[in-house]
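J.: no sequence on this one, just coordinates:
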């Protein structure tokens with residue numbers, strides 16, 4: 001290949017970010033892939049992705065408003081913890097981007113299905129909606145944002 005000046009495209013590094021907790025409370029998918037909301041702050045989605053930096057891997061948790069498609073809350077950390085995703089939702093809530101009785105849709109990652117996160121969502125009057133494991137279309141807005149972020 002080198003003799004013919006052919007160069008392969010480097011594969012992107014991949015890290016699995018959704019690890020389901022088999023003991024977590026089973027929640028419903030309240031959105032059913034209906035990602036267009038009539039009013040801002042009422043329907044939100046979130047996810048975690050990894051970012052490769054000069055200092056190693058960092059993790060980004062986001063909260064996206066499904067009406068405006070704005071990132072209304074985010075948090076970056078060195079570990080994928082429940083605190084990371086909770087802090088992103090708290091940021092959105094404190095900034096006024098989470099209405100009472102809002103729906104927050106995520107995947108079934110253990111951070112989002114934890115009792116700690118459920119309690120935090122309850123304190124903010126947020127209903128949790130969770131898609132299926134391994135079905136990226138159930139959280140397509142968040143996945144789409146991350147794909148553009150990593151170009």
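T.: Okay, I see it. All values reported here derive from a predicted model rather than from experimental measurement.
J.: This protein: helices as residue ranges?
T.: Applying DSSP state H to the chain gives helices spanning 82-94, 110-113, 115-123, 140-149.
J.: So for residue 52, which of the ones you listed sits nearest?
T.: helix 140-149 (12.0 Å; CB to CB). C-beta: built from backbone N, CA, C; applies to glycine.
J.: Do me a favour and average the pLDDT over the closest one.
T.: The average pLDDT within helix 140-149 is 82.
J.: if we can go back for a sec, among the helices of the chain, which is the most enclosed?
T.: Greatest average neighbour count among these goes to helix 110-113 (a mean of 23), per mean count of other CB atoms under 10 Å.
J.: Throw the helices of the chain into JSON lines and include distance to residue 66, thanks.
T.: What follows is those, written out as JSON lines (distance: least, CB to CB, whole Å):
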{"stretch": "helix 82-94", "distance to residue 66": "12"}
{"stretch": "helix 110-113", "distance to residue 66": "16"}
{"stretch": "helix 115-123", "distance to residue 66": "16"}
{"stretch": "helix 140-149", "distance to residue 66": "6"}
